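**Student:** Need a 3D model of the following:
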Amino acid sequence: VQLQASGGGLVQAGGSLSLSCAASGSIFSRRVMRWYRQAPGKQRELVALTTNDGSTNYANSVKGRFTISADNAKNTVYLQMNSLDPEDTAVYYCHAVYFSNWGTQQYWGQGTLVTVSS
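**Tutor:** The predicted structure follows:
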């Protein structure tokens, strides 16, 4: 499985960006998709997740501003980011965990940089 993340860029504070993470390869329907981010000098942190049954969860710092969604037909997960703040500046990574009868596999995307200017 390969995860291809895209959509990062430079945006002013208060603006919006949408990230995408497209999965290709042997994909199983039972999955958890997550977006993480890592700011310079900080540890990687979980931003949001979604499961194959549509459940979602968010870090407190992004609740009400970010929305995670998935298009199962396209094997793509999205992260809509609104009201961006300079504190949101980070490299954003998508992460997938797939569950099958043969076990659990996890994969990381390559990361996409989001820079929010003040």
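
**Student:** chain center to stretch 88-96: distance?
**Tutor:** Chain-centre distance of stretch 88-96: 6 Å, with CA atoms, centre = their mean, to the nearest Å.

**Student:** ditto for stretch 41-58
**Tutor:** The answer for stretch 41-58 is 7 Å, by CA atoms, centre = their mean.

**Student:** Show me the contact partners of that stretch.
**Tutor:** Contacts to stretch 41-58, defined as CB atoms under 8 Å, 6 or more residues apart in numbering, come from residues 29-38, 59, 62, 66-70, 72, 77, 79, 90, 92-93. Backbone N, C-alpha and C define where each C-beta goes, glycine included.

**Student:** Filter the residues you listed down to the buried ones.
**Tutor:** 31-37, 62, 66-68, 70, 77, 79, 90, 92-93 (16 or more other CB atoms under 10 Å).

**Student:** elements contacting the longest strand seen in the chain?
**Tutor:** The longest strand of the chain (DSSP state E) is strand 90-100. Judged by 3 or more CB pairs under 8 Å, 6 or more residues apart in numbering; DSSP states H and E, the packing partners of strand 90-100 are strand 2-6, strand 17-24, strand 30-38, strand 103-108, strand 112-117.

**Student:** thought residue 7 was touching residue 20?
**Tutor:** Yes. With contact defined as CB atoms under 8 Å, residue 7 and residue 20 form a contacting pair (5.1 Å).
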